[in-house]
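>>> My questions are about this predicted structure, shown below with the sequence.
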Amino acid sequence: MPIDSFRPQSWNAIDDIVIVGGGLAGLFCALKLSPRPVTILAAAPIGQGASSAWAQGGIAAAMSAGDTFDKHVADTIEAGAGIVDEKMARFMVSEGPARIHDLLEYGVPFDRDLEGKLLLSREAAHSERRIVRVRGDMAGKAIMEALIAAVRKTPSIRVLEGYVVEELVREGRFVSGVIARPDAGQSKNRVHFPARAVVLCSGGVGHLYAVTTNPWEACGQGVGMAARAGAIIADPEFVQFHPTAIDIGRDPAPLATEALRGDGAQLVNSAGRRFMLDIHPDGELAPRDIVSRGVFAEVQAGRGAFLDCTKAVGKHFPEMFPTVYASCMAAGIDPVTQPIPVVPAVHYHMGGVLTDAEGRTSVDGLWAAGEVTSTGVHGANRLASNSLLEAVVFAARIAENIKGMLPEPKTGDWGKKAGESDDLVTVEDSPALTALRKLMSAQVGVIRDRNGLKEAIRAIATLERENSRMRFHNIVTTAKLIAVGAYLREESRGGHFRADFPDQRKEWKHRTYMTLADADQVVAELAETAAA
Ligand SMILES: Cc1cc2nc3c(=O)[nH]c(=O)nc-3n(C[C@H](O)[C@H](O)[C@H](O)COP(=O)(O)OP(=O)(O)OC[C@H]3O[C@@H](n4cnc5c(N)ncnc54)[C@H](O)[C@@H]3O)c2cc1C
């Protein structure tokens, strides 16, 4: 899709709401804000470069006859390992059915039974059938296609694709706009977009790690940008690894959806041993973090890990899981007859920019929705299919909240920052990012410990000092927040596992709140101890 032709300077005159990111959270928020003027700035063409389009399972919503909001909240709290914000989880769950109806109105073709009722399926750790899906594993693609069509038909929404936002502009206490670089971030020009309100919907952090299921654009720029503008970041240490990314050397790694294990697929090592039964009574359906560590241990021990779907799914594979089937076949693996090699991969970030029930961050003028946030609904571990739900519920709440606010548009000189490098090598393929991703996987990954985290924090500080590009600074800032959060939390809980503190500790049964200044304080202390 070509980048819209427009003259950025002319936007100084427009009272605009700027949404950073064109995934589910961004598009849904824009549609809900209509007919107010909205500009969506997206790093990639919408529909690409967004995890939303890759979602395979679906959206969780308590809509079946036997289900209740209380049950969905209870499952969410159970998955979150003791630190879910119950009030926020209740908002999310109770508004789920209404948001599903919105999506139906925007044209999302959710699966229905012969009577025309929504078909609801079950996923691990859900006590009821409550996942709304589209044609097996096509939920994300179908949802995004419908929303993109709705957005393109909405005259109040302008979509500017290939604009990589690098900085939130602050005027006193307020965020009053953003600075973006066009041409997929390759232009030498930095363009200022003044805004009445900025909504950050920039997705996750997967590409801070060497192995991830996320698209390239999910490299934590949003969290870094918000932290640099003074926003409080919550729970950065909680990163969810998906236990069964397909290990065929692709980056990002394609996903073998949880639903395969839900349908009875088994995890075996190269000797054919079903290793998860040794680790947890629920075997393959144990919580994601436990299955991830089980798979990681087999891979580390050189025995490999494989998802055997040959009996449970067999010849139905192509029609039941077309996306997974295509990924496997492209790599020469026929999942109908062969086990699929798997590896844990960074999949979802529970932490992020702290927001309240209306999606407001701690910085005036800045809202945030979707994976970039930490609303508190996921606690230390996300319940499968709750993230798309969180994105639409809080995006809609933000739209309601924003209506009526009126900061003045501002103009100014938004050129290169003093000391910033002009080097426009894409951040994505820079040696610094490659080094950072390796470091994060090795020392801030599935299994962490104090010494590894200390080393990682010092190495991250060095990378930050040696690289002056704004986008890299956003990325490395997020890595720093995750590593410092992981270093400080001396326990294991949900997605965060410390080999030196393998159990939960009651003094840590709370969320983490951190500013960039707090993280930098820890970095400085570690630098002093290293020098001493
Ligand atoms: C393979 C896979 C399968 C999944 N399956 C499910 C599932 O079944 N159910 C579920 O609930 N969740 C699932 N998830 C998680 C879920 O898809 C995400 O949490 C959710 O889609 C996030 O939506 P979002 O709008 O916040 O971010 P995204 O959809 O990732 O969109 C982020 C947007 O921000 C843009 N962007 C990023 N940085 C910048 C920048 N600096 N400037 C401008 N634009 C920027 C991106 O290009 C993109 O447009 C899955 C995730 C993956 C990767």
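Received it, and whenever you're ready, just let me know what you need. Numbering: from 1, shown residues only.
>>> which residues touch the closest residue to residue 363 other than its chain neighbours?
Once flanking residues are discounted, residue 363 sits nearest to residue 231: 4.8 Å by Cβ to Cβ, 6 or more residues apart in numbering. Heads up, the C-betas are built off the backbone N, CA and C, glycines and all. Residues in contact with residue 231, defined by Cβ atoms under 8 Å, 6 or more residues apart in numbering, are 353-354, 361-363, 366, 515.
>>> How much space separates residue 231 from the ligand?
Going from residue 231 to the ligand by Cβ to the nearest ligand atom, to the nearest Å gives 15 Å.
>>> Could you do residue 268 as well?
Distance from residue 268 to the ligand, by Cβ to the nearest ligand atom: 23 Å.
>>> burial of that residue, as a residue count?
Residue 268 has 20 neighbouring residues, counting by other Cβ atoms under 10 Å.
>>> Can you pull the residues of the stretch 251-400 of the chain lying near the ligand?
Residues of the stretch 251-400 of the chain lying close to the ligand (Cβ under 6 Å from any ligand atom) are 255, 348, 370-372, 385-388, 391.
>>> rerun at 5 Å
Contact residues, the stretch 251-400 of the chain versus the ligand (Cβ under 5 Å from any ligand atom): 255, 370-371, 385, 387-388, 391.
>>> Compare those and tell me which has the most neighbours.
Neighbour-wise, those (other Cβ under 10 Å) top out at residue 371, 34 neighbours.
>>> Number of residues surrounding the nearest residue in space to it that is not next to it in sequence?
Nearest non-adjacent residue to residue 371, counting by Cβ to Cβ, 6+ apart: residue 204, 4.2 Å away. Neighbours of residue 204 under the rule other Cβ under 10 Å: 31.
>>> wait, isn't residue 204 in contact with residue 217?
No - under the criterion of Cβ atoms under 8 Å, residue 204 makes no contact with residue 217, lying 9.4 Å away.
>>> any idea of the pLDDT on residue 31?
On pLDDT, residue 31 comes in at 97.
>>> List just the nearest of the residues of the stretch 251-400 of the chain next to the ligand to the ligand.
Nearest to the ligand, judged by Cβ to the nearest ligand atom, of those is residue 370 at 2.1 Å.
>>> Wait, the closest one touches residue 25, no?
Yes - judged on Cβ under 8 Å, residue 370 makes contact with residue 25 at a distance of 2.9 Å.
>>> and for these two, which residues touch both?
Contact criterion Cβ under 8 Å, 6+ apart; residues bridging residue 370 and residue 25 by contacting each: 201, 391, 394-395.
>>> what sits against residue 530?
residue 458.
>>> A helix includes it, no?
Yes - under DSSP: H, G, I helix; E, B strand; the rest coil, residue 530 sits within a helix.
>>> residues contacting the residue nearest to residue 371?
Contacts for residue 204 were tallied using Cβ under 8 Å, 6+ apart; they are 51, 214, 218, 220, 348-349, 371-372.
>>> From residue 74, how far out is it?
Applying Cβ to Cβ, to the nearest Å, the value for residue 204 to residue 74 is 26 Å.
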